[in-house]
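>>> coords below, sequence missing:
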Ligand SMILES: Nc1nc2c(ncn2[C@@H]2O[C@H](COP(=O)(O)OP(=O)(O)OP(=O)(O)O)[C@@H](O)[C@H]2O)c(=O)[nH]1
């Protein structure tokens, strides 16, 4: 009996809000335009899916693992979900890890014995947000370093907003930590002049891949115990919105979030305005834009941070409601 060929898998990592889902969406649209069957395994930090809803709303099929991080809390579930995704026989699998995932553990899970004869990790991509990278590489030293060291390709996202200094700093960091990794500038998931995504989808020579993996193993052996388990200090809070919010109050609330909330996202409605809106917040930057998804998701918000004052957030959000009523904090 012929051995089935291995399904190439691209793993996308990068810190919270760096642009992973934006890249994934661009890739999925590209695959669709070629008529190629892609499958997605997505892991969000927090117990409510936002990115999964966005992908599904665009007609893509997604398997999700929420409320935990692939690399440490839901290892077995990840292996099971990965196996299930592979059993659908896609031509390619994309795995989007939570922004806190450790690529070392992820590689470990993805090479579990019964996955090894179905899938192969073709590329590990790390997305770096130029606005936050330098700060994060100091605050979250271990995780940012490992996401860089264990990348086959590093993407500098949001190139449309990046300054030359921010780009140069990331390049210098990659040069120091993973000199073999090519670095690409990406705007909304696209490298200028490469609509075919050759930078990401082109095959890597097996010998070259093995050389990179060997370099990764060497980096792994050099890790100190203290560097390990870098991200257990992050928490999430999800809440379902029972009423439309007053836009001005909500924007004021979001622009004054405590600084240890690093990421927030969700779907909501505004009093007196039609339609559904998606809110994205990354380290002080707030984006709110209209969105049409079918089926329309429930209105809910997720906040992620080192410390979260649940009661305070809930009461501040309640104060944003057009008609006051208790929020369902999940
Ligand atoms: N200006 C600009 N904004 C971008 C670009 N890529 C992503 N963004 C914005 O950055 C925010 C976060 O992007 P996502 O793709 O959701 O980031 P993520 O890494 O998937 O986020 P998590 O899943 O929470 O870790 C969103 O508001 C995006 O619209 C880009 O190339 N340029």
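Done, it's in. None of the values given here were measured: they were computed from a predicted structure.
>>> who does whichever residue of the stretch 151-300 of the chain sits closest to the ligand bridge with?
Using C-beta to the nearest ligand atom, the single residue of the stretch 151-300 of the chain nearest to the ligand is residue 280, 3.2 Å away. Where C-beta positions appear, they are placed from N, C-alpha and C, glycine not excepted. Counting by DSSP bridges, residue 280 is bridged to residue 265, residue 287.
>>> number of residues surrounding it?
Residue 280 has 17 neighbours, counted by other C-beta atoms under 10 Å.
>>> same check on the one 10 residues further on?
Close neighbours of residue 290, defined as other C-beta under 10 Å, add up to 10.
>>> for residue 84, give its distance to the ligand.
Distance, residue 84 to the ligand, by C-beta to the nearest ligand atom, to the nearest Å: 21 Å.
>>> go ahead and confirm that residue touches residue 63.
Yes - if you go by C-beta atoms under 8 Å, residue 84 and residue 63 touch, sitting 6.7 Å apart.
>>> and the two? which has more neighbours close in?
Comparing residue 84 with residue 63 by other C-beta under 10 Å, the one with more neighbours is residue 63, at 17 against 12.
>>> quick one: the more buried one from the ligand, how far?
For residue 63, the distance to the ligand - C-beta to the nearest ligand atom - is 15 Å.
>>> for the chain, longest strand please?
Ranked by number of residues, the top strand in the chain under DSSP state E is strand 119-128.
>>> which neighbouring elements make contact with the helix or strand just after it?
Later in the chain than strand 119-128, the nearest helix or strand by DSSP states H and E is helix 133-139. If you count contacts as 3 or more C-beta pairs under 8 Å, 6 or more residues apart in numbering; DSSP states H and E, helix 133-139 packs onto helix 141-149, helix 164-177.
>>> with mean neighbour count, mean pLDDT and distance to the ligand added, can I get these in JSON lines?
Shown next, in JSON lines, are these (neighbours: other C-beta atoms under 10 Å; pLDDT from 0 to 100; distance: least, C-beta to the nearest ligand atom, whole Å):
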{"stretch": "helix 141-149", "mean neighbour count": "22", "mean pLDDT": "82", "distance to the ligand": "11"}
{"stretch": "helix 164-177", "mean neighbour count": "15", "mean pLDDT": "95", "distance to the ligand": "13"}
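>>> tell me which of those lies nearest to residue 308.
Nearest of the helices and strands packed on helix 133-139 to residue 308, taken as C-beta to C-beta: helix 141-149 at 19.0 Å.
>>> residues contacting whatever helix or strand comes next after the closest one, please?
Sequence order places strand 153-156 as the next helix or strand after helix 141-149, per DSSP H and E. Identification of contacts with strand 153-156 by C-beta atoms under 8 Å, 6 or more residues apart in numbering yields 14, 19, 23, 123-128, 130, 148, 162, 167, 170-171, 174, 178, 181-186, 199-200.
>>> write out the residues of this structure neighbouring the ligand.
14, 16-22, 51, 99, 157-158, 160-161, 187-188, 263, 280, 282, 287 (C-beta under 6 Å from any ligand atom).
>>> of all the helices and strands packed on helix 133-139, which lies closest to residue 42?
With C-beta to C-beta, the closest approach to residue 42 among these belongs to helix 141-149: 17.0 Å.
>>> the stretch 1-150 of the chain: strands as residue ranges?
Applying DSSP state E, counting those that start in this stretch to the stretch 1-150 of the chain gives strands spanning 7-14, 38-43, 62-65, 92-96, 119-128.
>>> mean pLDDT added to the ones you listed, as TSV?
Below are the strands of the stretch 1-150 of the chain laid out as TSV (pLDDT from 0 to 100):
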stretch	mean pLDDT
strand 7-14	91
strand 38-43	90
strand 62-65	85
strand 92-96	93
strand 119-128	90
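>>> could I get those strands as TSV with distance to residue 313?
Formatted as TSV, these follow (distance: least, C-beta to C-beta, whole Å):
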stretch	distance to residue 313
strand 7-14	26
strand 38-43	23
strand 62-65	24
strand 92-96	26
strand 119-128	27
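>>> those strands: which one's closest to residue 293?
strand 62-65 (12.7 Å).
>>> what sits closest to residue 55 if chain neighbours are left out?
Leaving aside its chain neighbours, residue 55 sits nearest to residue 62 (4.9 Å; criterion: C-beta to C-beta, 6 or more residues apart in numbering).
>>> contacting residues around the one you found?
40-42, 52, 55-56.
>>> alright, that wraps it up for me.
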